[in-house]
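Engineer: generate coordinates for the sequence data below:
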Amino acid sequence: MGGSGGFTYHRPPDVEYSTKLYAPTLQHYFAGAGATIGVSVASIIFATILALFGAIARLSSNSVAQGIAGFMFQLSEGPFTNPDFYYLFGITTNWRTIK
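Structural biologist: From the prediction side, this is the model:
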C-alpha cells in the first residue's frame, strides 16, 4: 500500500508551448474596440430613425400610423411600468412613499 492510495499521476511529456499563437496583440484590441464602436453607432442611428418615424406617426392624422406608433411605444415602455420588473432587475425604491 503506497502513500498515494492507488492513484498514479502520469506526468505529461515535455512539450514546448508556443505563446506566440495565443499572445494578444494591440491589433486584436483595436479590432475589438472598432467592432464595438461600429455596432454602437449603428444601433444609435437605427434607434434614432425608428424614434423619428414613431414620433411623426403619432403626430399623423392617419389612424393606422397612429396605432402602429402607439403599439411601438407600448411595446418599448410598457413592461417597465410593472413593479415585478423592477424587482427582477434589482431596481429598488422606497415603497413606503408610493401611494
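Engineer: list the buried residues in the longest helix anywhere in the chain.
Structural biologist: What stands out as the longest helix in the chain, according to DSSP state H, is helix 26-59. Neighbour counts using 16 or more other CB atoms under 10 Å place 54, 57 of helix 26-59 among the buried residues. In short, each C-beta sits where N, CA and C put it, glycine included.
Engineer: that one - contacts with which helices or strands?
Structural biologist: On a contact count with 3 or more CB pairs under 8 Å, 6 or more residues apart in numbering; DSSP states H and E, helix 26-59 meets helix 63-77.
Engineer: what residues does the helix it packs on touch?
Structural biologist: 50, 53-55, 57-58, 60 (CB atoms under 8 Å, 6 or more residues apart in numbering).
Engineer: for the residues you listed, give me CSV that also has distance to residue 33 and pLDDT.
Structural biologist: Formatted as CSV, those follow (distance: CB to CB, whole Å; pLDDT from 0 to 100):
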residue, distance to residue 33, pLDDT
50, 26, 90
53, 31, 92
54, 31, 89
55, 33, 91
57, 36, 92
58, 37, 90
60, 41, 91
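Engineer: quick check: the farthest pair among those?
Structural biologist: The span of those, defined through CB to CB, is set by 50 and 60 at 15.4 Å.
Engineer: so where is this protein shaky, pLDDT-wise?
Structural biologist: Residues of the chain meeting the criterion pLDDT under 70: 1-13, 15-24, 78-99.
Engineer: picking up where we left off before, closest to residue 30 among the contacts of helix 63-77?
Structural biologist: residue 50 (30.2 Å).
Engineer: distance check, the nearest residue to the closest one once chain neighbours are set aside against residue 27.
Structural biologist: Distance criterion CB to CB, 6 or more residues apart in numbering; nearest residue to residue 50, sequence neighbours excluded, is residue 72 at 7.8 Å. Look at residue 72 and residue 27: by CB to CB, to the nearest Å, they are 41 Å apart.
Engineer: please apply the same query to residue 73.
Structural biologist: Computed as CB to CB, the residue 73 to residue 27 distance reads 44 Å.
Engineer: next, count neighbours for the residue nearest to residue 50.
Structural biologist: 16 (other CB atoms under 10 Å).
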